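> would you be able to build a 3D model of this:
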Amino acid sequence: MNKWEKFEQDCVEFLNKTYGMYAKFTHKGGADSAVPDILVETRKGFCFYIEAKHSPAQCGQFVLLPDIMTQTFQYSKQNTDSINSSAQMIMEYMNQKFDDYRNAGTAGKEIVMPGGQEIFAAWIVEHYRKKGVHFFITNGFKIIPIRQFRECFEISATYRVKRSGSSDVGKKRSSVVKDFLLRQDYEIRNVQTEGNKPFITSDLPYHDQRFILNEYEYMFSQRGERYEIRKLSNTYNANVIFSVKLNEYASGLTDQEFITALI
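Here you go, the predicted model:
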């Protein structure tokens with residue numbers, strides 16, 4: 001069992017033991033990030049969710065794809081949330097440093113921007129409120145109202161690629177990809193096709209760099225002294241990932257304050 005799974009179960013056990021006479025607490029989320037962790041059903045029939053976060057922890061993400069032709073990041077249609085003002089501000093900042101962030105790769109690059117803590121917190125709060133989350137429960141079973149999220153957590157954001165599958169470009173797309181590469185500002189000495197696989201030769205380090213063409217995302221993958229162009233699956237995404245760390249002074253609600261919220 002993963003550490004976060006055990007923490008979620010421990011939280012449910014604690015909540016039922018401590019506040020079970022006021023509400024029923026049911027473990028829901030687990031590995032499904034689309035569903036909040038703990039369903040709360042009060043004795044009066046009011047329902048909401050609590051999200052469990054064992055600090056430090058990841059706390060939401062959205063997909064941004066680099067578009068080489070426009071030199072901007074695009075908000076992916078794969079995102080379940082529609083774009084909000086916080087995501088828009090993050091995109092605008094990243095567009096100003098496009099080359100820095102488009103090459104972030106799997107190692108990732110931290111997003112350090114003016115007003116970042118407030119912008120990141122606003123995105124997290126809106127994201128979880130839409131899911132019906134009213135509270136976070138964290139280390140020491142501290143219960144944090146969502147309205148106090150910003151003052152209780154230190155928040156950071158990183159742009160990072162999550163690895164997943166890739167496949168050959170394919171016979172139909174191969175010539176289109178080759179033409180595209182030759183029209184761009186890549187420093188390429190040679191382009192070849194072997195079967196369904198386009199290869200380029202370059203003196204520059206292009207490994208893991210990505211580009212979008214006709215709604216598909218592609219990646220340079222080093223093969224000896226050459227780079228194979230691979231088509232990425234829809235699950236190979238570049239994400240803005242939020243992380244949180246509980247502030248040392250964060251106290252959470254008292255028992256009576258949380259009971260008041262349940263009755």
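
> just the element for the spatially most central residue of the chain, please.
Among the residues of the chain, the one closest to the centroid is Q61, at 2.3 Å (CA atoms, centre = their mean). If you go by DSSP states H and E, Q61 is part of strand 57-67.

> show me what that strand is packed up against.
Applying 3 or more CB pairs under 8 Å, 6 or more residues apart in numbering; DSSP states H and E, we find strand 57-67 packed against strand 72-75, helix 85-96, helix 98-102, helix 116-130, strand 153-162, strand 210-213, strand 237-246. The C-beta positions use only the backbone N, C-alpha and C, and glycine is treated the same way.

> so how far is L15 from F135?
Applying CB to CB, to the nearest Å, the value for F135 to L15 is 10 Å.

> in its sheet, what does the helix-or-strand element of the chain with minimal mean pLDDT sit against?
Lowest by mean pLDDT, DSSP states H and E among the helices and strands of the chain is strand 166-167, with a mean of 76. The pairing partners recorded for strand 166-167 under DSSP bridges are strand 226-232 (antiparallel).

> outside of the strand it pairs with, which residues touch it?
164-170, 173, 177, 181, 192, 197-202, 206-207, 210, 216-222 (CB atoms under 8 Å, 6 or more residues apart in numbering).

> for PyMOL, write the select line for the buried members of those residues.
Applying 16 or more other CB atoms under 10 Å to those, the buried members can be selected in PyMOL as follows:
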select buried, resi 166+169+173+177+181+197+198+199+200+202+206+210+217+218+219+220+221
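
> so which of the contacts of strand 226-232 sit within helices?
Using DSSP state H, the members of the contacts of strand 226-232 that fall in helices are 173, 177, 181.

> the first one contacts Y216, doesn't it?
It refers to R173. Yes. Under the criterion of CB atoms under 8 Å, R173 makes contact with Y216 at 7.5 Å.

> any chance you could list what contacts the top helix by length along the chain?
Scanning the chain for the longest helix, with DSSP H as the assignment, gives helix 3-19. Applying CB under 8 Å, 6+ apart, the contact partners of helix 3-19 are 23-27, 29-30, 37-38, 40, 50, 52, 54, 57, 137, 141, 255, 258-259, 262.

> ok and whichever helix or strand comes after that helix relative to helix 3-19, angle-wise?
Note on helix 3-19: by DSSP H and E, the next helix or strand toward the C-terminus is strand 23-27. Interaxial angle of strand 23-27 relative to helix 3-19 (axes from the mean of the first three to the mean of the last three CA atoms, to 10 degrees): 170 degrees.

> what are the buried residues along strand 23-27?
So for strand 23-27, counting by 16+ other CB under 10 Å, buried means 23, 25, 27.

> what's the answer for stretch 129-145, then?
Neighbour counts over stretch 129-145 (16+ other CB under 10 Å) mark 131, 133-138, 143-144 as buried.
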